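coordinates for the following, if possible.
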Amino acid sequence: MKPIGLYLDTDHQLLYVGSNDKTAGIVMSFDVSPGVVAGGKPAPVKQKFVQTKWLSHPAGMLVHNGILYVLSQDTNTLLTFDANSGAFLRVLVAQFDDKVEQILLSPC
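Coordinates of the predicted model:
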């Protein structure tokens with residue numbers, strides 16, 4: 001695994017890591033709550049998020065209201081997943097004009 005993007009969900013103590021494997025992009029969430037990562041042990045994988053058609057080079061991520069938003073850099077898309085089940089929901093934005101890097105949620 002070669003990390004491309006990282007996102008820390010402090011509300012749920014989960015670290016999201018975007019990477020590419022040999023066939024597609026993948027996002028994995030790791031439980032990083034204090035009691036789980038004590039003693040120098042690796043954080044356990046909680047969930048895997050995979051979508052082979054659209055997810056490639058997952059660069060930017062965030063979680064809001066139970067939805068994981070992922071920017072796929074190679075396909076220039078914004079994808080949504082159920083943060084609890086890992087299920088792919090939909091392509092929210094099908095084509096950005098340029099390479100996407102990061103995503104930020106800002107209260108208006």
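
okay, CA-based contacts and neighbour counts for the rest of this
OK.

give me the number of residues near residue 25?
Residues near residue 25, counting by other Cα atoms under 10 Å, number 23.

contacting residues around the residue nearest to it when sequence neighbours are not counted?
Closest residue to residue 25 apart from its sequence neighbours, by Cα to Cα, 6 or more residues apart in numbering: residue 56 at 4.2 Å. For residue 56, the contact set (Cα atoms under 8 Å, 6 or more residues apart in numbering) comprises 20, 24, 25, 26, 72, 73, 74, 75.

cool, residue 95 as well?
With Cα under 8 Å, 6+ apart, residue 95 has these contacts: 75, 76, 77.

hang on, residue 5 packs against residue 71?
No. Contact criterion Cα atoms under 8 Å: residue 5 and residue 71 do not qualify, at 9.6 Å.

higher neighbour count, these two?
Taking neighbours as other Cα under 10 Å, residue 5 and residue 71 compare with residue 71 leading, 29 against 19.
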